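S.K.: sequence unavailable; structure follows:
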């Protein structure tokens, strides 16, 4: 005997009681996931640290600043490695999606002893112009001229790209572009020593994209089967444009 109907798209349609039974079963798995996530977060905090020996100097809106300066009086620093090659005319659209999410959170992080900044290789003038266009208010500095991006494995030389095996996300794999995204965390003690505590890349950044978390609860999910990667994403002021061009594709065509 058939106990469920089907919607026009083939999905099962049941009674409220049947739905509740299925929902409670899923809730048990969601609770397991929450506990596992908490355990992983604890393991993340317990990772050993690496002392940062290099003296990094960045270009900011106010002039030259050091990595130590970026802490802005706090002991914890989050750096988002935003893809913006010096030759591009605009920042990465996918990184912009992340910035749309974390930019408003920076003020709240500051009240938990955490400073968050954005770092890119493009010259500071380009960064500030793009920041103004996007309406972001958090701090953005340029690593152009230092080795910060290379040291934290988000920028690659032409030779590395040509080899097809640049090291990204802790593995060697072929990548087509010189810039890739990531997030790194640092701690500064009372003596002013700085330590690298954590970095994540690629799908590890999903956690920070609220839009994806929201898409995960709707029936169609992320709906990316026909749009591989994040090809559907646009800068928030470019949705509706028919001739949108990715910044790295723009570079490749010149």
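M.R.: Perfect, I can see it now. Model, not experiment: these values are computed from the prediction. Numbering: from 1, shown residues only.
S.K.: grab the nearest non-local neighbour of residue 158.
M.R.: residue 178 (7.5 Å; Cβ to Cβ, 6 or more residues apart in numbering). Just so you know, the C-beta spots here come from the backbone N, C-alpha and C atoms, and that holds for glycine as well.
S.K.: right, and that neighbour touches residue 85 too?
M.R.: Yes. Counting by Cβ atoms under 8 Å, residue 178 does reach residue 85; the two are 5.7 Å apart.
S.K.: neighbour count: the two, which is higher?
M.R.: residue 178 (22 against 19; other Cβ atoms under 10 Å).
S.K.: mind checking the end-to-end distance for stretch 223-240?
M.R.: Terminal residues of stretch 223-240 lie 18 Å apart, using Cα to Cα, to the nearest Å.
S.K.: how far away is residue 119 from residue 95?
M.R.: 11 Å (Cβ to Cβ, to the nearest Å).
S.K.: shared neighbours, the two?
M.R.: 80, 82 (Cβ atoms under 8 Å, 6 or more residues apart in numbering).
S.K.: tally of neighbours for residue 231?
M.R.: Residues near residue 231, counting by other Cβ under 10 Å: 12.
S.K.: can we start the residue count at 13 from this point?
M.R.: Sure thing, new numbering starts at 13, so read that last one as residue 243.
S.K.: element containing residue 77, please.
M.R.: strand 75-78 (DSSP states H and E).
S.K.: same for the helix or strand that that strand is followed by, what does it pack against?
M.R.: On the C-terminal side of strand 75-78, the nearest following helix or strand under DSSP H and E is helix 79-82. Packing partners of helix 79-82 (3 or more Cβ pairs under 8 Å, 6 or more residues apart in numbering; DSSP states H and E): strand 88-93.
S.K.: can you list the strands that the strand it packs on pairs with?
M.R.: Sheet pairing here is set by DSSP bridges, and for strand 88-93 it gives strand 126-132 (parallel), strand 194-200 (antiparallel).
S.K.: got the angle between the very next helix or strand once past the first one and strand 126-132?
M.R.: The reference is to strand 126-132. Moving toward the C-terminus from strand 126-132, the first helix or strand encountered (DSSP H and E) is helix 136-146. On the basis of axes from the mean of the first three to the mean of the last three Cα atoms, to 10 degrees, helix 136-146 is oriented at 110 degrees to strand 126-132.
S.K.: how far is helix 136-146 from where the chain is centred?
M.R.: Remark: helix 136-146 is offset 18 Å from the chain centroid, using Cα atoms, centre = their mean, to the nearest Å.
S.K.: and it, which residues are buried?
M.R.: For helix 136-146, a neighbour-count test (16 or more other Cβ atoms under 10 Å) marks 136, 138-139, 142-143, 146 as buried.
S.K.: now stretch 213-227
M.R.: Along stretch 213-227, these residues count as buried under the neighbour rule (16+ other Cβ under 10 Å): 213, 217, 220-221, 224.
S.K.: and for stretch 112-131?
M.R.: Neighbour-count burial for stretch 112-131 flags 112, 114-115, 118, 121, 126-131 (criterion: 16+ other Cβ under 10 Å).
S.K.: tell me the one of those nearest residue 169?
M.R.: residue 131 (18.3 Å; Cβ to Cβ).
S.K.: now the strands paired with strand 88-93 as CSV including distance to residue 228?
M.R.: Formatted as CSV, those follow (distance: least, Cβ to Cβ, whole Å):
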stretch, distance to residue 228
strand 126-132, 24
strand 194-200, 20
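S.K.: dump these to CSV, plus distance to residue 49 and mean pLDDT.
M.R.: Below are the strands paired with strand 88-93 laid out as CSV (distance: least, Cβ to Cβ, whole Å; pLDDT from 0 to 100):
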stretch, distance to residue 49, mean pLDDT
strand 126-132, 19, 98
strand 194-200, 17, 98
